[in-house]
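Undergrad: I would like the atomic coordinates for the input below:
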Amino acid sequence: MISNDLEDDKDVLIEAVRQNGLVLQFLSEELRGNKEVVLAAVKQNVVSLQFASKELKDNFPFLLQALKTNNLVWLYIRDDVRFDSLKRFCDFGLIWEMNGNFDALFKFIDSFESVDKK
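TA: Okay, here's the model as predicted:
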């Protein structure tokens, strides 16, 4: 575990997960539920997504943000959440190829994020 003194310094912990995303597993449940902290961890190491809070791992808009930072996130999303995400993609008429062309997906994410903020 991370010492209590460091636990309160979010900036230090964000820098720690930027250096090694797997540090996320040693953070408090509160920090593992912090979008900024988890996105920094996932960007550095996609495997760190497994240590995010359940709430974030079930949060569709957050998963879209995470996917934008690291397209391998798709492999670490729970099957039921992945299925629901695919259904949402289809509902929005999104078609993309999983062969590395994520331009359409990123445009979709940007449009979804702007709707989500309203």
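
Undergrad: how about the strands in the protein?
TA: Applying DSSP state E to the chain gives no strands.

Undergrad: show me where it dips below the pLDDT cut-off.
TA: Scanning the chain with the threshold set as pLDDT under 70 gives 1-8, 83, 85-118.

Undergrad: repeat the analysis, applying 50 as the threshold.
TA: Confidence mapping of the chain against pLDDT under 50 gives the ranges 1, 94-100, 115-116, 118.

Undergrad: test my guess that Glu55 contacts Lys35.
TA: No: the criterion here is C-beta atoms under 8 Å, and Glu55 misses it with Lys35 at 10.2 Å. No exception for glycine: its C-beta is placed from N, CA and C like everyone else's.

Undergrad: which of these two has more residues huddled nearby?
TA: Counting neighbours by other C-beta atoms under 10 Å for Glu55 and for Lys35 shows that Lys35 has the greater number, 15 against 11.

Undergrad: grab the nearest non-local neighbour of Tyr46.
TA: For residue 46 the amino acid is Val, not Tyr. Counting by C-beta to C-beta, 6 or more residues apart in numbering, Val46 lies nearest to Leu72, which is 4.3 Å off, once chain neighbours are set aside.
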